[in-house]
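*Asks:* Structure of the sequence below:
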Amino acid sequence: MPKPQKSTLSKKNLASLPKPTGKLSDSTYINTLNDLAWGFSNINPDSAISLSQKALQLSEKINWKIGKAVCLRILGSCEVDKGNYSIALEYYKTGLKIVEEIDNKIWQAKFLSNIGLIYDEQSDYPKALEYYFKALKIKEKLDDKKGISAELGNIGVVFYEQSNYTKALEYYFNALKMKETIGDKKGIATMLSNIGIVYFKLSDYTKTLEYYFKALKIAEEVGHKQLEANTLSNIGIVYARQLYFTKSLEFNFKALKIAKELGYKLLEANILGNIGNVYKEMGKFKEAEKYLKQAIYLSNNIGALEISKENEYHISQIYESLGQYHFALTHFKKYIEMRDSINIDEKRKKIDYLASKYEWEKKEALINAEREKERTIFETNQRKNKIIIFTISTATIILSTFLFFVYRTLNITRKQKRIIEVQKNEVERQKLIVEIQKAEAVKQREIAEEQKAKVEEQKKIIEEKNKDIMDSINYALRIQQAILPDEKKWERLLPNSFKLYLPKDVLAGDFYWLEENENYIYVAAADCTGHGVPGAMVSVVCSSALTKAVLEDKLTNTNEILDRVREIVVEKISSNEDHLRDGMDICLVRINKTNRKEIQYSGANRSLYIIKANGVLEELSPDKQPIGWMEETRPFKAENKVLKQGDMLYLTTDGFADQFGGPKQKKLKTKGMLELFVNVHSLPINEQKEKIQMYYSEWKGNGDQTDDVCVIGIKV
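*Replies:* From the prediction side, this is the model:
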């Protein structure tokens, strides 16, 4: 559903703020920090917050109240961008209290408007309207036309969100007229877009597209990326309503790209929901589910209740269409809970009351202003009469004193002449000092140029070394990729299988291995010591050792293969005097070519998981020792199994289960991983891989990958 645009915080240079009574250097430094914070706010909000908090500490130190208020407003804006509305609200209210204490009306209006924006985003419409009207009253007294037009537009948005479209258009057109008068192109584009949204709600799609494309043209001209993304998405919604689904997706994906570039989570969540809804209307429920889940996750994280509510409803319809009634009911209940929490009817009554109150106060203010004007005219006439009498009396006194001042001026002139001679000599002395300072400046400039040249030279050396390092890493990557089995071989030997391989860095310590001889197929998932460059080096040695044990040494049993691999790895990596503990953990499986239901398993610290066709989980335990040097070693054991049609084998390293994430940022653990395998084991093999990879991505979220990941699934 299209969402109207509100007038948000303007990020202008703040260096022109009034200076405090403290040191000039303090205020300059504070303004510089705040300017840097604004610059970082759209790129890296955390860095912007750090800079502004430092500026706040300095402002408190020198007791610069307006400086403190500016810092609080910047911090609030950054928290809004991050979706932390409650924290932003605290910053704004603290700042409002400060500017009320110093009676700064301009900044009071700014904070009131910002607070209104937050309540609007949280769907608390009565409070949003209350603060918008307070801001509007101050801006009318200040005759701030741009500010008045912004508040009119914001109030129009609240009426739109309460489905009062007549009132919304009234405020939008008033705002548009004022913005056209002052030449506010960005504001004009925003109002055109908002008017288009109202016509959309009224099902007048011709007028809707007319206003949208006008808004889009201006937004592109002035570089208003946020409005451009919103308008593109809104055009996509109109085309979807007209059943032009391909056009709709084209405009929505353009909008999504811009929203991600801006890092604006609220806008991104809104567009993801729009895309999911278009796929739903097309009957592509799989794609619809994917995008709606992303939208719900993102909007829940930032507390955008209205967006979450709409998408919970749409995803419940998808599950109902798919016959998944349990999921449909769960999401529909969430939709009902969110809808009821907004309390539309009660809030609408309070909004009507506040609007009426504002109109009455405005009329009362006009009457009082007329009375004040009449009183002023009367007092002005009285002052004129007093001025005439005072002027006649004063003229006599001035004439009497004039002659006295002429005589006194002559004496002062003589004294000033002597003073000028002294000042002239001082000027000559200052000129000499300036010349000396110029010479010193030239010397300092030469030193600076020399230092600059040294820095450039060091930079060049570092860049060359970095290039050498990256060339080495890329070469190592080609070597590591060469040891992995190619896709054709994998498809030929294990056609009904998948592999999920996600290195943490460019190079990985995990690897998967596949080989065959006349009677058997061998497959393994292995985890070598470390990850990155060290892990990759060890993986090359271990992979080569496995191949040698099977093809050159002609070993067939999995336990004998692991015993031989251990001998080779210890020989290659550890010397007699310096026993390195590098090595690997591995899950190794042998499959009989004649009867693929017959397998043999051996493991070094890595289990083999078998999920029967009926969903029963069986774990084959490994030997609790790695492939590598140990003070005391034992021969590896082998376990033979006969499987049934439809059984699934899962070979894993520890990276999947050790990933931190989820709502509490904890490890997934083996239990969570196995529950996932049980849930997907009956799906086609390609869908299993897709579900497992999607679950991993959602669990990890925006966090860092903990370790290399390798998962192999084989269906019997």
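*Asks:* Find the centremost residue of this protein, please.
*Replies:* Nearest to the geometric centre of the chain sits Gly263, at 4.3 Å (CA atoms, centre = their mean).
*Asks:* Give me the phi and psi for that one.
*Replies:* phi 70, psi 30 (degrees, to the nearest 10).
*Asks:* so it touches Lys82, yeah?
*Replies:* No: using CB atoms under 8 Å, Gly263 makes no contact with Lys82, being 9.2 Å away. The way it works is simple: take the backbone N, C-alpha and C, and place the C-beta from them, glycine included.
*Asks:* what helix or strand does the nearest residue to Lys68 once chain neighbours are set aside sit in?
*Replies:* Using CB to CB, 6 or more residues apart in numbering and skipping residues adjacent in sequence, the residue nearest Lys68 is Ser59, 4.4 Å away. Element membership for Ser59, per DSSP states H and E: helix 45-61.
*Asks:* Now do that helix: which elements does it pack against?
*Replies:* With contacts taken as 3 or more CB pairs under 8 Å, 6 or more residues apart in numbering; DSSP states H and E, helix 45-61 sits against helix 24-41, helix 65-81.
*Asks:* avg pLDDT for the last one?
*Replies:* Just to be clear, that refers to helix 65-81. Mean pLDDT, helix 65-81: 90.
*Asks:* and the nearest residue to Ile102 once chain neighbours are set aside, how far is that from Leu75?
*Replies:* Distance criterion CB to CB, 6+ apart; nearest residue to Ile102, sequence neighbours excluded, is Lys65 at 5.3 Å. As judged by CB to CB, to the nearest Å, Lys65 and Leu75 stand 16 Å apart.
*Asks:* Could you check the angle the helix holding Ser59 makes with helix 65-81?
*Replies:* Helix 45-61 runs at 160 degrees relative to helix 65-81, counting by axes from the mean of the first three to the mean of the last three CA atoms, to 10 degrees.
*Asks:* Renumber starting at 32 from here on
*Replies:* Noted, 32 is the first residue going forward, which turns the last one into helix 76-92.
*Asks:* which residues touch helix 76-92?
*Replies:* 57, 60-61, 64-65, 67-72, 96, 98-99, 101-103, 105-106, 109-110, 112-113, 294 (CB atoms under 8 Å, 6 or more residues apart in numbering).
*Asks:* could I have it exported to CSV, CA atoms only?
*Replies:* The C-alpha coordinates for helix 76-92 follow below in CSV (Å, rounded to 0.1, in the frame of the first residue of the first chain):
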residue,chain,number,x,y,z
PRO,A,76,25.1,6.0,11.9
ASP,A,77,27.3,4.4,14.7
SER,A,78,30.3,6.7,13.8
ALA,A,79,28.0,9.7,13.6
ILE,A,80,26.6,8.9,17.1
SER,A,81,30.2,8.6,18.5
LEU,A,82,31.2,12.0,17.1
SER,A,83,28.0,13.7,18.3
GLN,A,84,28.3,12.2,21.8
LYS,A,85,31.8,13.7,22.0
ALA,A,86,30.4,17.1,21.0
LEU,A,87,27.7,16.7,23.6
GLN,A,88,30.3,16.1,26.4
LEU,A,89,32.2,19.3,25.3
SER,A,90,29.0,21.3,25.2
GLU,A,91,28.1,20.2,28.7
LYS,A,92,31.6,21.0,29.9
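*Asks:* Identify each buried residue in it, please.
*Replies:* Buried residues in helix 76-92, defined by neighbour count with 16 or more other CB atoms under 10 Å: Pro76, Ala79, Ile80, Leu82, Ser83, Lys85, Ala86, Leu87, Leu89, Ser90.
*Asks:* Turn these into JSON lines, columns for distance to Lys317 and pLDDT.
*Replies:* Shown next, in JSON lines, are the buried residues of helix 76-92 (distance: CB to CB, whole Å; pLDDT from 0 to 100):
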{"residue": "Pro76", "distance to Lys317": "34", "pLDDT": "78"}
{"residue": "Ala79", "distance to Lys317": "39", "pLDDT": "84"}
{"residue": "Ile80", "distance to Lys317": "39", "pLDDT": "89"}
{"residue": "Leu82", "distance to Lys317": "45", "pLDDT": "89"}
{"residue": "Ser83", "distance to Lys317": "44", "pLDDT": "88"}
{"residue": "Lys85", "distance to Lys317": "49", "pLDDT": "89"}
{"residue": "Ala86", "distance to Lys317": "49", "pLDDT": "88"}
{"residue": "Leu87", "distance to Lys317": "49", "pLDDT": "91"}
{"residue": "Leu89", "distance to Lys317": "55", "pLDDT": "90"}
{"residue": "Ser90", "distance to Lys317": "54", "pLDDT": "89"}
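*Asks:* Under the pLDDT cut-off, which ranges of the stretch 582-731 of the chain? List them.
*Replies:* The model of the stretch 582-731 of the chain has pLDDT under 70 over residues 605-612.
*Asks:* Appreciated, that's everything.
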